[in-house]
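S.K.: could you look at this predicted model? Sequence included:
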Amino acid sequence: QVQLTESGGGSVRPGESLGLSCSASEDIDRFSCMAWFRQGLGSGGELVVSLNSDGIPKFADSVKDRFFIARDRTKNTISLQMYNLKPEDTAMYYCAASSGSCAWGVYNFWGQGTQVTVSS
């Protein structure tokens, strides 16, 4: 069973930065798509960014130019670097992986999540 483990969440002030990491128990090259989702309290889930097997990301408009994703095949990790954080970025962030394409939009594997809180 594939395991995805997120780390790096925490509490920051508006305008600060934070990095998240997702470590996979298996070779991430087996996944056609990996992604970060988030879910705020009382709100639905949002796809923050997806990364296809070619390494091409697709960001939600709400985080474009503030969030960046990277993939490290040697460590089987993907990371999410978040800059200029806003209170509305407060959410539980989840790493997900799919055996299908990003366009398919179905994710087989999920991490447990890591909390990000942005507050002054």
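M.R.: Yep, it's here. Numbers count the residues shown, from 1 in each chain.
S.K.: can you pull the contacts of residue 1?
M.R.: Counting by CB atoms under 8 Å, 6 or more residues apart in numbering, residue 1 touches no other residue. Every residue, glycine included, has its C-beta placed from N, CA and C.
S.K.: try it again at 10 Å.
M.R.: If you count contacts by CB atoms under 10 Å, 6 or more residues apart in numbering, residue 1 has them with 25-26, 109.
S.K.: please apply the same query to residue 4.
M.R.: Per CB under 10 Å, 6+ apart, neighbours of residue 4: 22-26, 28, 31, 34, 76-78, 94-97, 107, 109-113.
S.K.: strands - which of the residues you listed land there?
M.R.: Among the contacts of residue 4, the ones falling in strands (DSSP state E) are 22-24, 34, 77-78, 94-97, 109-110.
S.K.: can you tell me the SS state at the residue nearest the centre of the chain?
M.R.: Centroid-nearest residue in the chain: residue 36, 2.4 Å away (criterion: CA atoms, centre = their mean). Following DSSP: H, G, I helix; E, B strand; the rest coil, we place residue 36 in the strand state.
S.K.: out of everything not next to it in sequence, what's closest to it?
M.R.: residue 48 (4.4 Å; CB to CB, 6 or more residues apart in numbering).
S.K.: and the next helix or strand past the helix or strand that the one you found is a member of?
M.R.: According to DSSP states H and E, residue 48 maps onto strand 45-52. Heading C-terminal from strand 45-52, the first helix or strand you meet, by DSSP H and E, is strand 57-59.
S.K.: what about dumping the CA coordinates of stretch 108-120 to CSV?
M.R.: Output in CSV follows, covering the C-alpha atoms of stretch 108-120 (Å, rounded to 0.1, in the frame of the first residue of the first chain):
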residue,chain,number,x,y,z
ASN,A,108,-5.8,6.9,-5.6
PHE,A,109,-3.6,7.8,-2.8
TRP,A,110,-3.7,10.4,-0.1
GLY,A,111,-1.7,11.6,2.8
GLN,A,112,-3.0,12.4,6.3
GLY,A,113,-2.6,16.1,5.8
THR,A,114,-0.6,18.9,7.5
GLN,A,115,-2.2,22.1,8.9
VAL,A,116,-1.2,25.5,7.7
THR,A,117,-2.5,28.5,9.7
VAL,A,118,-1.9,32.1,8.6
SER,A,119,-2.9,34.6,11.2
SER,A,120,-1.7,37.8,12.6
